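> Next comes the sequence, and after it the predicted model I'd like to discuss.
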Amino acid sequence: MKESEYITGFLAYMREVITRLNIATADELEANAQTQDILHRLEMEDDCNDETARLGILLREVRRKRRVARDKREALTPIVDWLTNNGTAINSLDRTLGEVRKIEKRQGNRAYAPRTDILEHAAVETKEVEDHDL
């Protein structure tokens, strides 16, 4: 893998992390609202045992989804905070990526121009030795 690909992957992650945090936050808020709906239903309605059991299972599922979203939000928050405080570092890394890509492109198009005629003399000498051996 080229060095620029590592940098590109990191920058892509840093750009994506804010969106991921927003999604996790929205998922947590939605799960909180769903929890309240279920709890109010249990509080306000006199449901049969089967319905109460179904709502209990639904509540467990919603709480588990909420836990996943909350864990993700908690883990992503310090990354987004760092990104907010270090936006200039990301911009600098973008510029560095451009420089690295230029170098990689130049290295990929590399051609060598001989500075001396040593290779031509060596070819002539090799030809003379081959002719002599025949």
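The structure has been received and is ready for your questions. Residues are numbered from 1 along each chain as shown.

> tell me which element R60 falls in.
Taking DSSP states H and E as the definition, one finds R60 inside helix 49-85.

> what's in contact with the next helix or strand after that helix?
Once helix 49-85 ends, the next helix or strand along the chain (criterion: DSSP H and E) is helix 87-108. With contact meaning C-beta atoms under 8 Å, 6 or more residues apart in numbering, helix 87-108 is reached by 2-4, 7-8, 10-11, 14, 83. C-beta: built from backbone N, CA, C; applies to glycine.

> for A113, helix, strand, or coil?
Per DSSP: H, G, I helix; E, B strand; the rest coil, the local secondary structure of A113 is coil.

> which among the contacts of helix 87-108 gets closest to E74?
Distance to E74 across the contacts of helix 87-108 (C-beta to C-beta) is lowest for L83, with 15.9 Å.

> ok and the lengthiest helix in the chain relative to helix 87-108, angle-wise?
If you go by DSSP state H, the chain has its longest helix at helix 3-44. Between helix 3-44 and helix 87-108, the angle comes out at 140 degrees (axes from the mean of the first three to the mean of the last three C-alpha atoms, to 10 degrees).

> for helix 3-44, the distance to its chain's centre please.
16 Å (C-alpha atoms, centre = their mean, to the nearest Å).

> Point out the other helices and strands that that helix packs with.
With contacts taken as 3 or more C-beta pairs under 8 Å, 6 or more residues apart in numbering; DSSP states H and E, helix 3-44 sits against helix 49-85, helix 87-108.

> So for the longest one, mean pLDDT?
Mean pLDDT, taken over the full extent of helix 49-85, equals 97.

> what angle do it and helix 3-44 make?
140 degrees.

> same deal with the shortest one?
With the same axes, to 10 degrees as the basis, helix 87-108 and helix 3-44 are set at 140 degrees to each other.

> Next, the buried residues of helix 87-108.
97, 100-101 (16 or more other C-beta atoms under 10 Å).

> Which positions in stretch 59-71 come out as buried?
59, 62, 65-66, 69-70.
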